[in-house]
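Colleague: Here is my input; please provide its structure:
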Amino acid sequence: MALDTKKAGEVVDKLRKSLKRKSRWSAPEDVHDLRTQVRQFEALTHILALGQKSSEDRLKTIASIRRRAGKVRDMDVLMAFIATLTSHSQEDCFVQLRDHLAVRRRRSARRLRDLVREHGKKAGRDLQRYSSMVQKASQTHATSVALKLLDELRHWPRLASGNMHEFRLKVKQLRYTLQLEEHPPETWISALGEIKDAIGEWHDCTTLLEIATDVLPASKGAPILKEIRSVVAVKFHHALSLSNAMRKRFLSKPSKRSAAVTEHGEASEEGDPLAYELNAVVALAGQPHAHSGPLQLSL
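Modeller: Residues are numbered from 1 along each chain as shown. From the prediction side, this is the model:
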């Protein structure tokens, strides 16, 4: 899997430009873009093997910006979600919850703005240094990062509410890694995106339920809380079903029907198209983990 150095360079440049902007981070789309850019950059750092002691301080600053942007983004998502609730008969409770989220959103946006103002320029200068490192990126390491993530997802414990969010983070990291390839496996990226979105919606609703439970009086807020609980249950089962189906189809243990890729990048026709696609990409990388005979990636 060859790293697309042009795409990787754009990831660094876009984030650097965002940190230079004099934004109040009031527009939801700006916050979403910033958070996504940081996630993409963090995926790139794994490929570039920048997570070394000399880079830890700079990466910590970027991670802090991502976390603060995440808090703002969470409130944007939750406020959009409560607008879809049908339990508006308890108008006072609905307004109370909406106003509480708005206050948290303003506070989080202010903290994000302060952090970017204080450290954004320095972080931008540090990012500029990474641009030159992209050209020297190890293609072998790019492959090993993707294979390591695949292996972690393949051996993930049984999915439950307690570990599904962490599973999503790994799915997102793998998706961002694959997007940085010269020839990204679009079918895989699409499938991982569905999992990411489904688990994300469940997690957002769970967060809203926790906030609403703390903010609203149990008696008056009962209709809204009941509706949110119902949505949480539906979202959970959908996310769990989708994730388990993906794991069974593409992340199961090797079998005779696994897609086999030879050293020339040829895959057996018996394998699933999605497994074939990713196997072909891995084969073209030069096989840093190659062994005698075909490479078996049961996905």
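Colleague: from here on, contacts and neighbour counts on C-alpha atoms
Modeller: Noted.
Colleague: If we go by neighbour counts, what in the helix or strand containing Ile62 is buried?
Modeller: Per DSSP states H and E: Ile62 is located in helix 56-82. Buried residues in helix 56-82, counting neighbours by 16 or more other Cα atoms under 10 Å, are found at 58-59, 61-63, 65-66, 68-76, 78-79, 82.
Colleague: So what's the model's average confidence on the helix or strand just after it?
Modeller: Toward the C-terminus, helix 56-82 is succeeded by helix 91-135 as the next helix or strand (DSSP H and E). Averaged over helix 91-135, pLDDT sits at 88.
Colleague: C-terminal to helix 91-135, which secondary structure element comes first?
Modeller: Downstream of helix 91-135, the next assigned helix or strand under DSSP H and E is helix 139-154.
Colleague: average model confidence for the helix holding Ile62?
Modeller: 90.
Colleague: Same check on stretch 182-202?
Modeller: Mean pLDDT, stretch 182-202: 92.
Colleague: can you give me how far that stretch is from the chain middle?
Modeller: 9 Å (Cα atoms, centre = their mean, to the nearest Å).
Colleague: buried stuff in that stretch?
Modeller: Neighbour-count burial for stretch 182-202, counted by 16+ other Cα under 10 Å, picks out 182, 184-185, 188-189, 191-193, 195-196, 198-202.
Colleague: got it, and stretch 4-15?
Modeller: Across stretch 4-15, burial judged by 16+ other Cα under 10 Å covers Asp4, Thr5, Ala8, Gly9, Val11, Val12, Asp13, Leu15.
Colleague: Also stretch 12-26?
Modeller: Buried residues in stretch 12-26, counted by 16+ other Cα under 10 Å: Val12, Asp13, Leu15, Arg16, Ser18, Leu19, Lys20, Trp25.
Colleague: Outside of it itself, which residues are in contact with it?
Modeller: Contacts with stretch 12-26, where a contact means Cα atoms under 8 Å, 6 or more residues apart in numbering, come from 31, 34, 37-38, 41, 109-110, 112-113, 116, 120-121, 123-125, 127-128, 130-131.
Colleague: Any idea how far stretch 200-208 is from the middle of the chain?
Modeller: Centre-to-centre, stretch 200-208 and its host chain are 15 Å apart (Cα atoms, centre = their mean).
Colleague: Same question for stretch 165-182.
Modeller: Computed by Cα atoms, centre = their mean, the chain-centroid distance of stretch 165-182 equals 6 Å.
Colleague: Which residue ranges of the stretch 151-299 of the chain form helices?
Modeller: Using DSSP state H, counting those that start in this stretch, the helices found in the stretch 151-299 of the chain span residues 164-179, 186-215, 222-250, 273-283.
Colleague: could the ones you listed go into a markdown table alongside distance to Leu147?
Modeller: Shown next, in a markdown table, are the helices of the stretch 151-299 of the chain (distance: least, Cα to Cα, whole Å):
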| stretch | distance to Leu147 |
| --- | --- |
| helix 164-179 | 9 |
| helix 186-215 | 14 |
| helix 222-250 | 13 |
| helix 273-283 | 9 |
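Colleague: quick one: which of these is nearest Glu91?
Modeller: Glu91 lies closest to helix 222-250 among the helices of the stretch 151-299 of the chain, at 10.0 Å (Cα to Cα).
Colleague: So for this protein, the centremost residue is which one?
Modeller: Residue closest to the mean C-alpha point of the chain, counted by Cα atoms, centre = their mean, is Lys172 at 3.1 Å.
Colleague: Might one say that that residue is in contact with Leu192?
Modeller: Yes. With contact defined as Cα atoms under 8 Å, Lys172 reaches Leu192; the gap is 7.4 Å.
Colleague: Report the buried residues of stretch 84-99.
Modeller: Under the neighbour-count criterion of 16+ other Cα under 10 Å, stretch 84-99 has Ser87, Cys93, Phe94, Leu97, Arg98 buried.
Colleague: Just send these back as a markdown table, with distance to Phe236 too.
Modeller: Listed next are those as a markdown table, based on distance: Cα to Cα, whole Å:
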| residue | distance to Phe236 |
| --- | --- |
| Ser87 | 21 |
| Cys93 | 25 |
| Phe94 | 24 |
| Leu97 | 23 |
| Arg98 | 23 |
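Colleague: just those residues now: which is nearest Leu209?
Modeller: Leu97 (10.7 Å).
Colleague: The closest one: what's it in contact with?
Modeller: When the contact criterion is Cα under 8 Å, 6+ apart, the partners of Leu97 are Ala212, Val215, Leu216.
Colleague: Ignoring the adjacent residues along the chain, who's closest to Glu201?
Modeller: Of all residues not flanking Glu201 in the chain, Lys235 sits nearest, at 6.8 Å (Cα to Cα, 6 or more residues apart in numbering).
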